[in-house]
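# Sequence first, predicted coordinates after that:
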Amino acid sequence: MYNPPAFREDRPEVLREIMRAARLALIVSAAADGGVPEATHLPLFLVPEEGPHGTLYGHVAKANPQWKGLAAAGAARAIFQGPEAYVSPSHYASKQEHGRVVPTWNYVAVHAIGPVEVFEDADRLHAVVSRLTDRHEAPRADPWAVTDAPEPFVAGQLKGIVGLALRIETLIGKRKLSQNRSEADQAGVLAGLSASEDTADRAVAEAMRAGS
């Protein structure tokens, strides 16, 4: 990921929050046959105590061929997308001054790179599925749990998935939030996105307000 110094984000606590908030990640890895890289959208959770930057856990369908490529390549990149928004040149104060402005996109993203382990152990898979479920059911008034389903049914479902553990060795954070613009231009972007009816635009405005 191209990441100029002005947009780099290295604070572990900020990176972890971006990863947590993203909910759905994208795993990218080399294809088993050496062809076009493969990608799968999937939820992941982070265990920060494992490895230099933590370990990500998730699972894919056994019918998904990417897990074989992961096993062969032994490494992957997990991409977490944060808030994003189109930035119109009309938001810039400098548009009125000289007009030398162009559109751009503000966004937040984290890339986690490292070796990947694939596993089919039923106990480990059950633990991964349970933790993911508990995390995403937690906000509900009446959370569903894996144990709510019949045990034989769950055991059968586990046979259809493969677990993934990505030990993060490289963590790249990017918060492109108009830091390379003048204070006046930044203020214009903040005002414009804050006034938008699009919730995604307002999420970027909130990220800009959070600042450093």
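Right, received. Where do you want to start?
# Ramachandran angles for residue 99?
Main-chain torsions, residue 99, degrees, to the nearest 10: phi 80, psi 0.
# Please disregard the earlier target; I meant residue 153.
phi -70, psi -50.
# Name all residues that make contact with it.
Applying Cβ atoms under 8 Å, 6 or more residues apart in numbering to residue 153 gives no contacts. Yep, even glycine has a C-beta here, placed from its N, CA and C like the rest.
# remind me which residues of this structure are low pLDDT?
Low-confidence regions of the chain, defined by pLDDT under 70, span residues 212.
# mind listing the strands for it?
Ranges of strands in the chain, per DSSP state E, are 24-29, 38-43, 45-47, 55-61, 75-87, 104-119, 161-167, 170-176.
# how about those in a markdown table, adding mean neighbour count and distance to residue 185?
Shown next, in a markdown table, are these (neighbours: other Cβ atoms under 10 Å; distance: least, Cβ to Cβ, whole Å):
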| stretch | mean neighbour count | distance to residue 185 |
| --- | --- | --- |
| strand 24-29 | 19 | 31 |
| strand 38-43 | 16 | 34 |
| strand 45-47 | 17 | 35 |
| strand 55-61 | 21 | 36 |
| strand 75-87 | 20 | 10 |
| strand 104-119 | 19 | 11 |
| strand 161-167 | 22 | 38 |
| strand 170-176 | 20 | 14 |
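# Nearest to residue 11, out of the ones you listed?
Closest to residue 11 of the strands of the chain, according to Cβ to Cβ: strand 170-176, at 7.8 Å.
# what packs against that closest one?
Judged by 3 or more Cβ pairs under 8 Å, 6 or more residues apart in numbering; DSSP states H and E, the packing partners of strand 170-176 are helix 12-22, strand 104-119.
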